[in-house]
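Undergrad: Prediction below, plus the sequence it came from.
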Amino acid sequence: MTAPFPTPKTDESQRLLSPEELEAALRDIGARRYHNLHPFHRLLHDGKLNKDQVRAWALNRYYYQAMIPVKDAAVLARMTDASLRRVWRQRIVDHDGDAPGDGGIERWLKLAEGVGFRRDYVESTQGILSATRFSVDAYVHFVKERSLLEAIASSLTEMFSPTIISERVAGMLKNYDFITKDTLAYFDKRLTQAPRDADFAIAYVKQHATTPELQRQAMDALTFKCNVLWTQLDALYFSYVAPGMTPPDAWIPGTGLVAEVAQAVGTGTIRSGDVPRLPRGVRLRHDEVRGQHVLLAPERTFDLDANAVAVLSLVDGQRSVRDIAGKLAETFAADRDVIEVDVLAMLNDLATKRVLER
Ligand SMILES: O=C(O)c1cc(C(=O)O)c2c(n1)C(=O)C(=O)c1cc(C(=O)O)[nH]c1-2
C-alpha cells in the first residue's frame, strides 16, 4: 500500500534549496500533514460531535496548552544569544500571563469550564489519554534533545494555525448551541500571536538552515511536530468516536463536571438499561410544510436530524436504550456498543431539554 503521506525523495533532499524553496517545502509539509486534515477536526468543526466528544477534546488539549510554556522554557534554555531569548520569552508570557488569572493556560481552563468541567479536574490531567501525554511529552523531549534549529523548526506548525483557528471558531459557534464566543476566547489572541511567532521562526529557519542536511533536519522537525498534533487526534477519535474504546482510567463522560452538569448528563440521567419515553405533551411529528421531523413540546419545537429521528422512532416506552441501540445496529450493520454511546449522548441531551424522560 502506498503511504498516504509520502516523504520527499532522498535525492531531492541532497540539493541545497533557496530560502524561498525551503519555505515552500515546509509549507507543503503542512498542506499534507497539518491536523486541520484530521477526521476528528473535521467532525469538531462541522458540528458532528456530541457534547461529550467536544469535552474530551477540550480536556485532552489542556495538557498540550499546559506544556507549551514548559517546551518554550526548554527552547529558551538552549539559546545562548540574548536577542533570541528576548523574542522567545514572549511565548512563555503569552501562555502563563503576567499575573494569576491571565494568559493562555487560564483561557483554556475557561474553555474547559465553559463546556462543563471542574477546573481542578482539568488541571489534575488525570483523565487525559495516555497517547495525549506521550505525544505532548515527546514534543518537550524533542526540543531538549535536538539542535536549536530543529527545536525552532518544530514550532512551524504555527504557520498553519490561523486558518484552522478561524475555521474552528466559526464552525463551533455556528454548530453547537453550548459553545459561546466567551468560551472560545482563547483563540482570539492566538490569531495575532501565532503569525507573529511563526514569522520569527520561519525567518530563523531560512537563515540558519544553510546546508541540505540542515534543511532536511528542519523539514523532519516540522513533520515530527505535525505527527505530535495528529496522534493526539487519532487517540481522541479511537477513544471517543469510533470504535469508542476508552482506555482504563481515561475520562468517562459524566465525570469531572461541575455538580449541576453532572446531575443533568453526568453518570447519565438515562443509562443503558433505562427505558426512555417522551413526557406527556411531547410528540414526534412530521412537519409537512418544512418536510422534516420535529419534536413538539408545549410552546417549543425542536428540529430533528435523521439520526435523532431514527432513535426517537424507537422510543416507545418499552425498549431500553440497549434495545434501541441493538435495533439500530441491525439496521445500519454497525457495532451496538459504538451506537449506544451516541444514542445515550443524544437521549441525555434531550433529557436536559426536558423533552425526554425515563
Ligand atoms: O489550535 C490549534 O490548532 C493550534 C495549533 C498549534 C500548532 O500548530 O502547533 C498551536 C496552537 N493551537 C496553540 O494554541 C499554541 O499555543 C501553540 C504553540 C505551539 C508551539 O508549537 O509552540 N503550537 C501551537
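TA: Arrived safely.
Undergrad: Of all residues in the protein, which one is closest to the ligand?
TA: Thr157 (3.2 Å; Cβ to the nearest ligand atom). Quick note: C-beta positions are derived from backbone N, CA and C, even for glycine.
Undergrad: Which residue is the nearest non-sequential neighbour of that residue?
TA: Computed as Cβ to Cβ, 6 or more residues apart in numbering, the closest residue to Thr157 that is not its neighbour in sequence is Lys225, at 5.1 Å.
Undergrad: Could you check which helix or strand contains the one you found?
TA: helix 212-240 (DSSP states H and E).
Undergrad: So which elements touch that helix?
TA: helix 10-13, helix 19-33, helix 39-45, helix 51-77, helix 130-145, helix 148-154 (3 or more Cβ pairs under 8 Å, 6 or more residues apart in numbering; DSSP states H and E).
Undergrad: Report the angle between the second one and helix 212-240.
TA: The reference is to helix 19-33. Relative orientation of helix 19-33 versus helix 212-240 (axes from the mean of the first three to the mean of the last three Cα atoms, to 10 degrees): 20 degrees.
Undergrad: List the buried residues in helix 19-33.
TA: Residues of helix 19-33 classed as buried: 22-23, 25-27, 29-30, 33 (neighbour count, 16 or more other Cβ atoms under 10 Å).
Undergrad: circling back: figure out how far the helix holding Lys225 is from the centre of its chain.
TA: How far helix 212-240 lies from its chain's middle: 15 Å, per Cα atoms, centre = their mean, to the nearest Å.
Undergrad: show me the residues around the residue nearest to Gln318 when sequence neighbours are not counted that make contact.
TA: Counting by Cβ to Cβ, 6+ apart, Gln318 lies nearest to Val275, which is 6.8 Å off, once chain neighbours are set aside. Val275 makes contacts with 317-321, 358, as judged by Cβ atoms under 8 Å, 6 or more residues apart in numbering.
Undergrad: so can I have CSV of the residues you listed showing neighbour count?
TA: Shown next, in CSV, are the contacts of Val275 (neighbours: other Cβ atoms under 10 Å):
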residue, neighbour count
Gly317, 9
Gln318, 9
Arg319, 16
Ser320, 16
Val321, 24
Arg358, 16
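Undergrad: Turn the residues you listed into CSV, including pLDDT and secondary structure.
TA: Shown next, in CSV, are those (pLDDT from 0 to 100; DSSP: H, G, I helix; E, B strand; the rest coil):
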residue, pLDDT, secondary structure
Gly317, 86, coil
Gln318, 83, coil
Arg319, 81, coil
Ser320, 75, coil
Val321, 78, helix
Arg358, 81, coil
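Undergrad: what residues are up against the spatially most central residue of the chain?
TA: Nearest to the mean C-alpha position of the chain, counting by Cα atoms, centre = their mean, stands Trp57 at 4.0 Å. Residues in contact with Trp57 (Cβ under 8 Å, 6+ apart) are 40, 44, 49, 236.
Undergrad: repeat for Ile29
TA: Residues near Ile29 by Cβ under 8 Å, 6+ apart: 219, 222-223, 226.
Undergrad: make it 10 Å
TA: The contact partners of Ile29, by Cβ atoms under 10 Å, 6 or more residues apart in numbering, come to 5, 7-8, 156-157, 159-160, 218-223, 225-226.
Undergrad: what's the farthest-apart pair in those?
TA: Maximum pairwise distance among the contacts of Ile29 (Cβ to Cβ): 19.3 Å, between Thr7 and Met159.
Undergrad: the more surrounded of the two?
TA: Per other Cβ atoms under 10 Å, whichever of Thr7 and Met159 has more neighbours is Met159, with 22 against 11.
Undergrad: Name the SS class of the residue nearest to Pro298 when sequence neighbours are not counted, please.
TA: Nearest in space to Pro298, with sequence neighbours left out and distances taken as Cβ to Cβ, 6+ apart, is Gly281 at 5.1 Å. Three-state call for Gly281 (DSSP: H, G, I helix; E, B strand; the rest coil): coil.
Undergrad: how about the residues of the stretch 51-200 of the chain that lie near the ligand?
TA: Residues of the stretch 51-200 of the chain lying close to the ligand (Cβ under 6 Å from any ligand atom) are 68, 104, 155, 157-158, 161, 164-165, 190.
Undergrad: Sort out for me which of the residues you listed are in helices.
TA: Here DSSP state H is the test, and those give 68, 104, 161, 164-165, 190 as lying in helices.
Undergrad: Kindly reformat those as CSV containing neighbour count and pLDDT.
TA: Shown next, in CSV, are these (neighbours: other Cβ atoms under 10 Å; pLDDT from 0 to 100):
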residue, neighbour count, pLDDT
Ile68, 22, 98
Gly104, 22, 98
Ser161, 23, 95
Ile164, 19, 95
Ile165, 18, 95
Arg190, 18, 94
